[in-house]
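# Need coordinates for the following:
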Amino acid sequence: MMTVLPFPRYNRPEGRFCIWPCLLSKEQGDDLSYFYVLIESSEETTKVTVRVYMLQQGVWRTHHTLATDQPSLPLWDPKLVMVDSKIYITVAPRNIMVLDLSVSSCSTICLPQGVEYGDRDAMLSRADDASSVYLIQVKELQLHIWLHKGNNWLLVDTIFMSEMVADLRMQDYTVEDEHIDVLRILQVGDNAEFVFFQMGRCILYLDIKGKTLRKVYEMKDKDSYSAYYIFPFKMVWPPIFPALKLNLQESPSEEQYHPAQ
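Numbering: from 1, shown residues only. Got it, this is the predicted structure:
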């Protein structure tokens, strides 16, 4: 039987505040640990409070509560990524808040020179190294991939996408002229392996290692379109389904196992 577990409740503070929830998971051996993060920011000050809950034995328990002041007003839609015991949060246009759950500390990373968070033009990507994190930024038709390691930013790759987009338009007329210079990041893969973009009504997938771009979806409504949520996942392909139990009313010669085509 499936059980729907409600998220934790807390007392909302007085005044004008914005609340952003996020569910994170972390692999621990063969198991997954789940964390529920609430980011609470004042609309009147630069104060940001982060509440972290951990799922333990079917109950959400308070794990950490940390508060800090940001040098500028928080972003409207902060993004989170969890690397080992650290949670990286894009709470302000020019810096990243880092919560280290192992030592209950909070620190700040400044973005690379000249880089700011705008309207879905940058996103963090989880790295294998627990002390590192990727930053993927698109500016016009250039994709910049940064790696933060050892308190420094390293520009590891720059991809010029103008030819890719032009080739895509040659193959698919639905990629419209008026949107070819507006790419917005919707989701990124771990280790900066891939990026999902929105360009006009089209959802595009970029394989960063293979330097290939293709359209994977097209929104039908021409008057109002916007995609906000993409949840990529990996699976074994082709999948193998378990054998069906033999029904006594069926002929023994009938096919009982159907591998994926």
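
# now the helices for the stretch 51-200 of the chain?
For the stretch 51-200 of the chain, the helices defined by DSSP state H, counting those that start in this stretch occupy 162-171.

# Any stretches of it with poor pLDDT?
Within the stretch 51-200 of the chain, the segments meeting pLDDT under 70 span 71-77, 119, 170-181.

# switch the cut-off to 80
Along the stretch 51-200 of the chain, segments meeting pLDDT under 80 span 69-78, 91-92, 118-120, 130, 169-182.

# Walk me through the domains of the protein.
As given by automatic domain parsing, the domain ranges for the chain are 14-110, 114-230.

# Between those, which one is closest to residue 243.
domain 14-110 (25.1 Å; CB to CB). Every C-beta, even on glycine, is put in place using the N, C-alpha and C of the backbone.

# Show the end-to-end separation of that closest one, please.
31 Å (CA to CA, to the nearest Å).

# mind checking how far the most centrally placed residue in the chain is from residue 194?
Closest residue to the average C-alpha location of the chain: residue 187 at 5.0 Å, with CA atoms, centre = their mean. As judged by CB to CB, to the nearest Å, residue 187 and residue 194 stand 9 Å apart.

# overlap in contacts of those two?
residue 232 (CB atoms under 8 Å, 6 or more residues apart in numbering).

# neighbouring contacts of stretch 124-138?
79-86, 88, 90, 96, 111-112, 115, 121-123, 143-150, 153, 183-185, 188-192, 195, 197.

# Give me the buried subset of the residues you listed.
Buried by 16 or more other CB atoms under 10 Å: 79-84, 86, 88, 90, 96, 111-112, 115, 121-123, 143-148, 153, 183-185, 188-189, 191-192, 195, 197, out of these.

# can you put the domains of the chain in CSV and add distance to residue 244?
Formatted as CSV, the domains of the chain follow (distance: least, CB to CB, whole Å):
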stretch, distance to residue 244
domain 14-110, 28
domain 114-230, 32
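
# how about those, which one is nearest residue 237?
Among these, the nearest to residue 237 by CB to CB is domain 114-230 (15.5 Å).

# can you tell me the distance between the two ends of that closest one?
28 Å.

# and what of stretch 196-209?
14 Å.

# Number of residues surrounding the nearest residue to residue 134 once chain neighbours are set aside?
Of all residues beyond its chain neighbours, the one nearest residue 134 is residue 125 (3.8 Å), with distances taken as CB to CB, 6 or more residues apart in numbering. Neighbourhood size, residue 125 [other CB atoms under 10 Å]: 24.
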